[in-house]
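In: coords please:
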Amino acid sequence: MGFTARSVSMMRYRIKGQIEGAFWDAVDEGMRKGAFRSLEGSGELIGMGWASIDDFADTEFRGSSYVRGNYIGMALRIDTVRVPARVLEMTLRQEGKKLMEETGRRRLSNAQRRELKERIVETLKKQVLPSIQVFEVIWDTAQAVVYFASLSVKARERMEDHFKKSFGLPLIPLIPYLRAEELVAGSLRVELLEKLKPSSFIP
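Out: Predicted structure coming up:
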């Protein structure tokens, strides 16, 4: 669910550091550098990157379409494809049997089986429709805060890593304690906060 939904689960981050040089030029470079693209590899992840918050198929950002005043609105698009385990197992058996008949072997070596499996996975991946996930991201450039519309651990890790690769800026999760530190900074309440101890609510 996105930020325009009735309810949304989100994670807040504080940006560590700042962009050197022309800010908006660096942002534009980072958006294009991290724009969604297809990925090659043997894993389930086949594509990832920034897309328009209004249209996840738009990755060109014409006219700096991601700018909303002091805010940047974008989406992290993640495409994955998962080959059904049963289908992979059945195909591997069939192709393994053919290979043994062709080579006259009674069994395949671990290396042959691994190579055959990788080849089959790549072939089957082309026959399976991908799963497309889109997670909205809002960057408050005035407050150096990023809002991510998901609490999924895997999605968060991918967003944090991709944000750093795109803009060179690490993200620090604004967990309640860190947020409390910001709110009481410079006041006498800092000492009270430091004395807090975790409580167990299990009887």
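In: show me where this structure has helices.
Out: For the chain, applying DSSP state H gives helices covering 23-33, 85-103, 110-125, 153-167, 176-184, 189-194.
In: redo those helices as a markdown table? Include distance to residue 147 and mean neighbour count.
Out: C-betas here are computed from N, CA, C, even on glycine. Output for the helices of the chain, formatted as a markdown table (distance: least, CB to CB, whole Å; neighbours: other CB atoms under 10 Å):
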| stretch | distance to residue 147 | mean neighbour count |
| --- | --- | --- |
| helix 23-33 | 16 | 15 |
| helix 85-103 | 36 | 12 |
| helix 110-125 | 33 | 14 |
| helix 153-167 | 11 | 16 |
| helix 176-184 | 13 | 12 |
| helix 189-194 | 24 | 11 |
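In: save those helices as JSON lines, and put in distance to residue 2 too.
Out: Below are those laid out as JSON lines (distance: least, CB to CB, whole Å):
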{"stretch": "helix 23-33", "distance to residue 2": "19"}
{"stretch": "helix 85-103", "distance to residue 2": "32"}
{"stretch": "helix 110-125", "distance to residue 2": "28"}
{"stretch": "helix 153-167", "distance to residue 2": "13"}
{"stretch": "helix 176-184", "distance to residue 2": "23"}
{"stretch": "helix 189-194", "distance to residue 2": "34"}
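In: which one of those helices lies nearest to residue 46?
Out: helix 110-125 (7.2 Å; CB to CB).
In: residues in contact with the residue nearest to residue 166 when sequence neighbours are not counted?
Out: Spatial nearest neighbour of residue 166, chain neighbours left out: residue 34 (3.2 Å); criterion: CB to CB, 6 or more residues apart in numbering. Neighbouring residues of residue 34 by CB atoms under 8 Å, 6 or more residues apart in numbering: 49, 50, 162, 163, 165, 166, 167.
In: number of nearby residues for residue 3?
Out: Residue 3 has 13 neighbours, counted by other CB atoms under 10 Å.
In: what do you get for residue 69?
Out: 8.
In: per-residue pLDDT of it, please?
Out: At residue 69, the model reports a pLDDT of 94.
In: over to residue 168?
Out: 95.
In: so how far is residue 29 from it?
Out: 10 Å (CB to CB, to the nearest Å).
In: overlap in contacts, these two.
Out: What both residue 168 and residue 29 touch, as defined by CB under 8 Å, 6+ apart, is an empty set.
In: can you report how many residues lie near residue 22?
Out: 10.
In: ok, now residue 104?
Out: Neighbour count of residue 104, defined by other CB under 10 Å: 6.
In: do residue 169 as well
Out: If we define neighbours as other CB under 10 Å, then residue 169 has 18 of them.
In: ok, the one 5 residues further on next?
Out: Each residue near residue 174 was counted by other CB under 10 Å, and the total is 17.
In: which residues are in contact with it?
Out: With contact taken as CB under 8 Å, 6+ apart, residue 174 is in contact with 11, 12, 13, 14, 145.
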